[in-house]
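Here's my sequence, what's the structure:
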Amino acid sequence: MKRFFERHVPHLPERMYGIVADLNDYPRFVPNCKAMDVRPDPASPDDTRLARMTLFFGPITQAYTSRVVLDPVARTIKAKAIDGPFAYLDSVWSFEPEGMGTRVRFEIDFKISNPLIAALAEPAFAAKQEEIMRAFADEADRRYGD
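Sure thing, here's the model as predicted:
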């Protein structure tokens, strides 16, 4: 299930990149994020992290690990799930100057492995992505003012 989201925010690209790149802070403001365990990826010489995110949806808690590649020069953050309930999950954040702020783009493509769970969970997970993008914009407003 491929989804694409974008919005203009009145904050500098470097600031928006910094908020999304601060993986350890996600449980504080990202909806349904219960915990994050972030560590360097020993197999990668660049700025790559292994991030284990624990999500909760009502009574269900699920964790998965992503390999996250941070590129502050290009202002992109790419993540690829390497375990968990997904057959695949690939996402890309990008931050481009636009007027006095930033055009934030978020692309995600995923498929849940179990067909029965996928039928129920994929639409809900896809719908959450807009809420998550809004949470990052709201966090920027809290940190830097509207």
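
Is Val9 in contact with Val104, as I believe?
Yes: the pair Val9 and Val104 passes the contact test of CB atoms under 8 Å, sitting 5.8 Å apart. All C-beta spots, glycine's among them, are computed from the backbone N, C-alpha and C.

how far away is the nearest residue to Ala140 once chain neighbours are set aside from Pro97?
Taking CB to CB, 6 or more residues apart in numbering as the measure, Ala140 lies nearest to His11, with 4.5 Å between them; neighbours along the chain are not counted. If you measure His11 against Pro97 using CB to CB, to the nearest Å, the figure is 11 Å.

Show me which of those two is the more surrounded one.
Between His11 and Pro97, counted using other CB atoms under 10 Å, His11 has the larger neighbour count: 24 against 12.

what sits against the more buried one?
Under the criterion of CB atoms under 8 Å, 6 or more residues apart in numbering, the neighbours of His11 are Gly101, Thr102, Ala140, Asp141, Tyr144.

what comes up buried for stretch 26-42?
By neighbour count, and taking 16 or more other CB atoms under 10 Å as the criterion, the buried residues in stretch 26-42 are Tyr26, Val30, Asn32, Cys33, Met36, Val38, Asp41.

Determine which two of those are furthest apart.
Within these, Asn32 and Asp41 form the most distant pair, 24.6 Å apart (CB to CB).

By mean pLDDT, point me to the weakest helix or strand of the protein.
In the chain, the helix or strand scored least confidently by mean pLDDT, DSSP states H and E is helix 115-144, which has a mean of 85.
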